[in-house]
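> Would you be able to build a 3D model of this:
(chains A, B, C and D)
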Number of protein chains: 4
Amino acid sequence: MNFLQELLSSIGRRTRGQTGHADKRDTPSSLARLTSVCETLMQPGGEASQILIAQEALERYASLDDAGRLAFFQLLAEHYAAEPERIHAAYAAYQEAEDNASLAQLFAVCEPRRQHLLRRLNLCPGGTYELVKMRADLLGLLKAHPELAPLDADFAHLFASWFNRGFLMLESIDWNTSAAVLEKLIRYEAVHAIRDWGDLRRRLDPDDRHCYAFFHPATGDEPLIFVEVALCRGIPDNIQTILESGDEVPPQEADTAAFYSISNCQSGLKGISFGNFLIKQVVQELKRELPNLENFVTLSPVPGFAAWLQQTRDQGELNLSDDLVAELDAGHWREPGKARDKLAPEVRALAAHYLIDVKRGGSGMPLDPVARFHLGNGASLHRLNWPGDVSEKGLKQSHALMVNYLYELERIEQNHEAFSREGSVVCTQEIRRDAKQARGRLRGASKNPSKTDPKSNPKANA
Amino acid sequence: MNFLQELLSSIGRRTRGQTGHADKRDTPSSLARLTSVCETLMQPGGEASQILIAQEALERYASLDDAGRLAFFQLLAEHYAAEPERIHAAYAAYQEAEDNASLAQLFAVCEPRRQHLLRRLNLCPGGTYELVKMRADLLGLLKAHPELAPLDADFAHLFASWFNRGFLMLESIDWNTSAAVLEKLIRYEAVHAIRDWGDLRRRLDPDDRHCYAFFHPATGDEPLIFVEVALCRGIPDNIQTILESGDEVPPQEADTAAFYSISNCQSGLKGISFGNFLIKQVVQELKRELPNLENFVTLSPVPGFAAWLQQTRDQGELNLSDDLVAELDAGHWREPGKARDKLAPEVRALAAHYLIDVKRGGSGMPLDPVARFHLGNGASLHRLNWPGDVSEKGLKQSHALMVNYLYELERIEQNHEAFSREGSVVCTQEIRRDAKQARGRLRGASKNPSKTDPKSNPKANA
Amino acid sequence: MNFLQELLSSIGRRTRGQTGHADKRDTPSSLARLTSVCETLMQPGGEASQILIAQEALERYASLDDAGRLAFFQLLAEHYAAEPERIHAAYAAYQEAEDNASLAQLFAVCEPRRQHLLRRLNLCPGGTYELVKMRADLLGLLKAHPELAPLDADFAHLFASWFNRGFLMLESIDWNTSAAVLEKLIRYEAVHAIRDWGDLRRRLDPDDRHCYAFFHPATGDEPLIFVEVALCRGIPDNIQTILESGDEVPPQEADTAAFYSISNCQSGLKGISFGNFLIKQVVQELKRELPNLENFVTLSPVPGFAAWLQQTRDQGELNLSDDLVAELDAGHWREPGKARDKLAPEVRALAAHYLIDVKRGGSGMPLDPVARFHLGNGASLHRLNWPGDVSEKGLKQSHALMVNYLYELERIEQNHEAFSREGSVVCTQEIRRDAKQARGRLRGASKNPSKTDPKSNPKANA
Amino acid sequence: MNFLQELLSSIGRRTRGQTGHADKRDTPSSLARLTSVCETLMQPGGEASQILIAQEALERYASLDDAGRLAFFQLLAEHYAAEPERIHAAYAAYQEAEDNASLAQLFAVCEPRRQHLLRRLNLCPGGTYELVKMRADLLGLLKAHPELAPLDADFAHLFASWFNRGFLMLESIDWNTSAAVLEKLIRYEAVHAIRDWGDLRRRLDPDDRHCYAFFHPATGDEPLIFVEVALCRGIPDNIQTILESGDEVPPQEADTAAFYSISNCQSGLKGISFGNFLIKQVVQELKRELPNLENFVTLSPVPGFAAWLQQTRDQGELNLSDDLVAELDAGHWREPGKARDKLAPEVRALAAHYLIDVKRGGSGMPLDPVARFHLGNGASLHRLNWPGDVSEKGLKQSHALMVNYLYELERIEQNHEAFSREGSVVCTQEIRRDAKQARGRLRGASKNPSKTDPKSNPKANA
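The predicted structure is shown next:
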């Protein structure tokens, strides 16, 4: 077992070098044991006790400190890759035979050995969730250690299969849900923080609120993603009204379901997308339950707007009237009145431009991540609401701007096609006019021609 | 979309040629539509409606006739493989760069496109079970159509990941279980047929019987595998006693849990092994619940014994006293008495030899499939019981022979190692002596030397 | 504790006299111990261990033989009644004071001590069901031992309180229900016997069948009553069609829910009526689930028809053409044809008369028990179906006659009022005409004047 | 229907007189309608729609204001009592016949008609809980309106039957319980207030805490009573340690289960005792789950101690050294030291005397309600803990005194007998000595002789 010995001594060197602390002395031995356990787990002969070994491996991992984890990841990335000699040999055989058997063999040897290890770790009960947390650790190290990217790709590859849509369970969350799950909503809410249990209870009021989450059978009562919905009369333009429930409507009078918060719960599942399916399934669920509902919209933040505006002004690209940013910061518009009336058209125009025309470096996709998500799902950009969120966070991220994205099941497919093929943002004529107006002001506007001209949504303009 | 057009015309040719029936006219168009749907499902752009498309594909598949299914499988095997040009290009790039990115790309292009398609089909609710049934269809065609083997390998690869042990749920089955699940036990029981609901009820008697099954969250109340357990006083030597319950013991006096039937339920999951994990988890569960239990054994059939004996005699390899087979067929031994006393030692010796020495063509593994399974799990061969099963099936398969395999948790690992590395069958000294005696009679015995000498189990001999 | 001693010696005398068997020797001591335990249970001081004592009492009761049970019931009836002296004293006090306190005291001393004992027995888990079974035993003895009637009245009084409608749970029964519950349906079905599990499965087919039962929390998975419903197109006139399912309709095309079997499960709950509530709650449930349903009818037996007809003829009260009963028995009408056409109007006329005019001795209520039940619930008599049930039982009970009772929620109240106040049977004009025709033939018809003239149901005739 | 008309006009008079407010004008009509509905509910003829009528009655009651409710209760008390003429007639018949039928009739007419009404109101789903709340309203009026006592007696009589122990379900409460139930614990906790959800979570920590509640099937997720248990090493003497969890022990090392809070949840169920059964069932449950547990004790408040001490001193009955009460109020003993050491023996002596010797007016039962409850359950007085509760409430109620009551299943019965028959408090010798010492100081001590001499618990003194 020379390979293992080599590993162990390399672990020794590595961890000594990195930690340099006397009190971390046990890390090498702990990591060494973990590595040895993983090596056992790779063997074909040990099937009879694999579950126990996998369990030990995960426990040992959990007890590692940060340096130990990094060292473990580096070992996996380096020593559990595919083996070049076997690849070359398999390719030679394939070239000669060009048959299925040789191709299957080539595929098999190209697979990183890490994937086999991760599948084995997944054998023990609770293993899946431990692996999700392990990847969360890994993601935290990825920026500083780009050499770990292949390991991350293996996680992503396996998670895509394990967290297949077909395995997810949609659950309605309400006040009868267990406290163990509810406290996780409080912890994971990422858009509009839940202050306390009273706030949570308001958001689960059966009269005019709904909440849905996806769960996976292997991760038990850990939600993967959840969405909060408010039933309203008309399309809401203001998040404070919803959060403070100043405007309750009887269920039978509500005509609109507003998705006002959608939060991913597991950072370790980054890149495994659930939101798209969640929203669509919830739309169907609500339609079935409440046939009176006519509109399915979001009330969404525009998290990149303020930063973009600042940068645009700093770079002198924008010709702003009387320094718009300063006025926005001054906040005289917070109360209805002249200041607001004067600023509103300017904010709208810039927001429309930001959402429709401003793309992420060369990708043809919107710079704003929330816009990317909903437009990519096939929603259309329906309305700009200003001011729509005067919380501290709302002011800082987007000068209080919020937008509605509209989900029309019968248009989703074609919106999505237009967006993903041509980068076209489907929106109302009004928003298109707003954007056009803003473009005039941009010093470099002429460089950005018609290709991104938004499509209008006929129904939205009717 | 030339590829699709080519596909469609090839479908036309194929199905016309094979079916040759006027009334199957709709098959081509139905298959053509399925193929077209699958092609849509492969596109990156259609994510928004993937679930619906996957659903349509599975429904169209279900409505195909046998010829249509074969044609569909052949199309998948041929046209959804990996693409050679891309493999060559990726290999060239990898050879030059020898880095992770190029390796990942090579891995990606080596993956058969079928796997992507199957993952997409798995998106819709209920899709997993439809795919399991699809593979059951495929397995039925495999012998006559070996060209479909690569497609089967793709199913096996994905199922191994989807039906990972970590996703399985162990459930206790009893008379409070739903009739919908219970009737599946009746249908799937593969060892000792369940005659009717009364027979089933007896097997679920809470006083001295237990039954456990594995379920998978994506296949709902379809059991994957189940095991039936009888609580006994002492190790049972006779299946009729268990099935007819002539020997009930109070739960607190039982010292033995006998696994007398274990059945896989889904032919489409062939090769995805659950039995090993099931038995071990049930042993742990029973130990926890009933601390009085001391022995965990099977009462197992020896399905290949009679056929081997016949063949051995036909080939003249065996020097049988007074034509043993004829005497066994005559059946005078069915009642206790001289005939039985005379035959018993001979049957035992031959059985011991069959189980210990007779291997499946060159593999070093026992010829008998049940022996292969339990010994491969780390059980030891504990006792030969003759006569142990005088049912029609038992007489035909094994001249009434049954055996006990013993599961000792603390020895499982080492038994398994000895078995899988050296092919050694761990058994009692008594069985070893029986086998030795039989070997003397074999004409070709000298060709089969000591390599397969069984290891004895010290505890079993104490 | 003289009272107890007296009891014990009276037990001795009683059981010796009645059984007269040497091998029942242990009955006296067993009964004596039960009586002693019951006496302890009556004491105020023993609260701390009441549950255990109640448990012992119920176990001892269960182990008594028939003679012991009779003796036990007689003791309860005799020695656990209210005490006359205390009643006289309390009445005197009440007469003097005429206040609430003295009235309450009078009420308290009039309560048979048996009720206190039964409440105490009900303390232990499972006690309620044991008491239900105890009353079933009692009911079996009541005819031969009318002196036990007061004890039965106590059971009835307490059960009416414990099995209050508010405590019942309506459950839908289907193939996903546990086998433990389903086998009880097979056992308790009292109208059209369920042959086996296959027959049961057909009756639970989710496409066109429903089944509902009431359960009580204290009696666990023991159903109290259940009803079987078939979804049909049009009002069914024949039970064989339903039981053999020759006429399935797609759920969306069904316009009628037919209640074709309703069975009480617990003989010990005789007189505690659940059927009325069950049918009405099921009607509401079905209306909610399947808005297409327009008719809610029964397809009911007429269990007293044949016996009444025989008796009527025997007593010479009826002037039957060519001896109708003989023709009915001959059975030439079993196949469609002349014999049937000739008999049909006569059978209808007699059936209409039987259901509308024939009353149970002076009560003003129909002689037929099924008619009493449904008409008492507020249903109307909707249609006579002949032949409707050609099973052996159907032929014997009612010469194959079946009837539909119609449940119209908006008429139930007024039908019920008319029926319970005036004994009026609400039915269609057609049935009224049939009955009128029959009355002409009755020799003693003139004695039975207009008082029972049925009311017609306007809607049913529209 | 003269009776009803009379009722209605009396309602008019009554409510006009009592409220005297123009804006309560609708009360009479609302109450009138309720009364009319109740009258309908009493009729035998209306069974078909009883559920709906009961529902309407309960809704109308819920919408009454305080004056309306009082008026309704008064009507019930006055007009729905038993009817004197019928009682006199039935008694006369009974006196003549002296048989079971006439006795049963007497019993029937003595029953207040209110009970029939309440049983009918209980017919509708959810009715039971509405009646529990109705009685809670009634209890609030009872002191000022003693004429309502008979109505309260009817509620109590029926509730005792409906909330029979055999119908209660014991549930373990933990962090997986629904928030809807958990928030009720926060609301109903009556001993040591739960500050917030964080505090609650601590009390449900699965490592060393348990919580159990009784539920009734007809009142759904409304707990009736719950108890909080801490697992400790040794018998705890201080509530702050438990509430602030400064002393966690691993589950396997705990030898003591301490019941530190027990709260009734439904004031409307006053007098229906659940606590006794709850504690005993929880003791059995814990013994089964955690066989290591040796001691089952409470850590209980002494709510009447401070008030009794004050009163005793005010009445000059007690010869206190240096004015003990003032020193207790000064609080120098709050920190360990001389003040505490000096006071401790005096507090203990007085507490022992208070718990053992001081009885509630002539009843022979302890004055302290918590002592009455646990000693009545068969627990023994095990240890006095001072200071045991330095919360504001603890200081005020009992100058920080707490006590442990010990539950030994095998002694419960005999302790209970001694207590309920002779008023003897079973306690340790140490506590007996403390009490004896205090008795010396009492000026009127000689009046209170040996009758209440406590029995010692041999095991507790071993």
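> residues from the stretch 201-350 of chain A in reach of chain B?
Taking Cβ under 8 Å from any Cβ of the partner chain as the contact definition, the stretch 201-350 of chain A meets chain B at A:217-218, A:276-277, A:280. Quick note: C-beta positions are derived from backbone N, CA and C, even for glycine.
> Filter those residues down to just the ones in strands.
The members of those all map outside strands under DSSP state E.
> between these, which has the most around it?
Of all those, the most densely surrounded is A:Ala218 (23 neighbours; neighbours counted as other Cβ atoms under 10 Å in any protein chain shown).
> what's around A:Leu367, how many residues?
Per other Cβ under 10 Å, the neighbour tally for A:Leu367 reads 18.
> Need the pLDDT of it.
For A:Leu367, the model assigns a pLDDT of 95.
> Against chain D, how distant is it?
Separation of A:Leu367 from chain D (Cβ to the nearest Cβ, to the nearest Å): 40 Å.
> next one: A:Pro44
Per Cβ to the nearest Cβ, A:Pro44 is found 39 Å from chain D.
> now swap in A:Ser245 and tell me
Distance from A:Ser245 to chain D, counting by Cβ to the nearest Cβ: 18 Å.
> That residue touches A:Arg202, doesn't it?
Yes - between A:Ser245 and A:Arg202 there is a contact under Cβ atoms under 8 Å: 5.8 Å.
> Contact residues of the stretch 51-200 of chain A facing chain B?
Residues of the stretch 51-200 of chain A lying near chain B (Cβ under 8 Å from any Cβ): A:51, A:81-82, A:84, A:87-88, A:91, A:94-95, A:98, A:100, A:103-104, A:106-107, A:110-112, A:119, A:122-128, A:149-150, A:153, A:158, A:160-162, A:164-167, A:169.
> What subset of those is buried?
Neighbour-count burial (16 or more other Cβ atoms under 10 Å in any protein chain shown) is assigned, among these, to A:51, A:81-82, A:87, A:91, A:94, A:100, A:103-104, A:106-107, A:110-112, A:119, A:122-125, A:127-128, A:150, A:153, A:158, A:161-162, A:164-167.
> Just the ones in helices from the residues you listed, please.
A:51, A:87, A:91, A:94, A:100, A:103-104, A:106-107, A:110, A:119, A:127-128, A:150, A:153, A:158, A:161-162 (DSSP state H).
> How about the residue in chain A that sits furthest from its center?
Computed with Cα atoms, centre = their mean, the maximum C-alpha offset from the centroid of chain A is found at A:Glu96, amounting to 44.9 Å.
> tell me what the helix or strand harbouring it is packed against?
In this assignment (DSSP states H and E), A:Glu96 forms part of helix A:84-97. Packing partners of helix A:84-97 (3 or more Cβ pairs under 8 Å, 6 or more residues apart in numbering or on different chains; DSSP states H and E): helix A:100-110, helix B:84-97.
> Alpha carbons of it, as PDB, please.
The C-alpha trace of helix A:84-97 is given here as PDB (Å, rounded to 0.1, in the frame of the first residue of the first chain):
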ATOM      1  CA  PRO A  84      -3.100   9.800 -17.000                       C
ATOM      2  CA  GLU A  85      -1.500   6.500 -17.900                       C
ATOM      3  CA  ARG A  86      -4.800   4.700 -17.800                       C
ATOM      4  CA  ILE A  87      -6.400   7.400 -19.900                       C
ATOM      5  CA  HIS A  88      -3.700   7.100 -22.500                       C
ATOM      6  CA  ALA A  89      -3.900   3.300 -22.600                       C
ATOM      7  CA  ALA A  90      -7.700   3.400 -22.800                       C
ATOM      8  CA  TYR A  91      -7.600   6.000 -25.600                       C
ATOM      9  CA  ALA A  92      -5.200   3.900 -27.600                       C
ATOM     10  CA  ALA A  93      -7.500   0.800 -27.200                       C
ATOM     11  CA  TYR A  94     -10.500   2.900 -28.200                       C
ATOM     12  CA  GLN A  95      -8.700   4.300 -31.200                       C
ATOM     13  CA  GLU A  96      -8.000   0.800 -32.300                       C
ATOM     14  CA  ALA A  97     -11.300  -0.900 -31.600                       C
END
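> Now it: average pLDDT?
94.
> likewise stretch A:436-456?
57.
> Ok, stretch A:35-47 next?
Here the average pLDDT along stretch A:35-47 is 78.
> now swap in stretch A:128-137 and tell me
96.
> In that stretch, which residues are buried?
A:128-135, A:137.
> can you list contacts of that stretch?
Contact with stretch A:128-137 is made by A:58, A:61-62, A:69, A:73, A:118, A:121-122, A:152, A:155, A:159, A:162, A:216, A:218-220, A:222, A:266-270, B:166-167, as judged by Cβ atoms under 8 Å, 6 or more residues apart in numbering or on different chains.
> Could you identify the buried members of those?
Here, 16+ other Cβ under 10 Å leaves A:58, A:61, A:69, A:73, A:118, A:121-122, A:152, A:155, A:159, A:162, A:216, A:218-219, A:222, A:266, A:268-270, B:166-167 buried among the contacts of stretch A:128-137.
> Tell me how far the strand or helix carrying A:Ala344 lies from the chain's centre.
A:Ala344 is located in helix A:338-357, with elements delineated by DSSP H and E. In terms of Cα atoms, centre = their mean, to the nearest Å, the centre of helix A:338-357 is found 28 Å from the chain centre.
> With stretch A:76-91 instead?
Here stretch A:76-91 is found 32 Å from its chain centre; the criterion is Cα atoms, centre = their mean.
> what's the burial count for A:Ser30?
20.
> from memory it sits against A:Gly68, does it?
Yes - A:Ser30 lies in contact with A:Gly68 (Cβ under 8 Å); the separation is 6.4 Å.
> Can you name the residue of chain A nearest to chain B?
A:Pro217 (3.4 Å; Cβ to the nearest Cβ).
> can you pull the contacts of that residue?
Contacts of A:Pro217 by Cβ under 8 Å, 6+ apart are A:167, A:169, B:167, B:169, B:217-218.
> how close does it sit to A:Asn164?
A:Pro217 sits at a distance of 12 Å from A:Asn164 (criterion: Cβ to Cβ, to the nearest Å).
> So for those two, which residues contact both of them?
In terms of Cβ under 8 Å, 6+ apart, A:Pro217 and A:Asn164 are not both contacted by any residue.
> Which single residue of chain A ends up nearest chain C?
A:Pro291 (12.3 Å).
> angle of the helix holding A:Glu96 against helix A:100-110?
160 degrees (axes from the mean of the first three to the mean of the last three Cα atoms, to 10 degrees).
> Could you list the residues in contact with helix A:84-97?
Contact with helix A:84-97 is made by A:102-103, A:105-106, A:108-110, B:87-88, B:91, B:94-95, B:98, B:103, B:106, as judged by Cβ under 8 Å, 6+ apart.
> Now do the residue in the stretch 351-462 of chain A positioned nearest to chain D against C:Gln240, distance only.
Closest residue of the stretch 351-462 of chain A to chain D, Cβ to the nearest Cβ: A:Ser391 (23.3 Å). Distance, A:Ser391 to C:Gln240, by Cβ to Cβ: 71 Å.
> Ok, A:Arg33 next?
Distance from A:Arg33 to C:Gln240, by Cβ to Cβ: 74 Å.
> can you check A:Glu111 too?
As judged by Cβ to Cβ, A:Glu111 and C:Gln240 stand 64 Å apart.
> One more: A:Ile186?
62 Å.
> next one: A:Ala153
Here A:Ala153 is placed at a distance of 67 Å from C:Gln240 (Cβ to Cβ).
> Also A:Ile53?
From A:Ile53 to C:Gln240 the distance is 64 Å (Cβ to Cβ).
> Alpha carbons only: can I get stretch A:119-127 in PDB?
Taking Å, rounded to 0.1, in the frame of the first residue of the first chain, the C-alpha atoms of stretch A:119-127 are listed here in PDB:
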ATOM      1  CA  ARG A 119     -20.500   8.100  -3.800                       C
ATOM      2  CA  ARG A 120     -19.100   5.800  -1.200                       C
ATOM      3  CA  LEU A 121     -19.300   8.500   1.500                       C
ATOM      4  CA  ASN A 122     -22.900   8.900   0.500                       C
ATOM      5  CA  LEU A 123     -23.700   5.400   1.600                       C
ATOM      6  CA  CYS A 124     -24.200   6.100   5.200                       C
ATOM      7  CA  PRO A 125     -27.500   7.500   6.600                       C
ATOM      8  CA  GLY A 126     -27.200  11.300   6.800                       C
ATOM      9  CA  GLY A 127     -24.200  11.200   4.400                       C
END
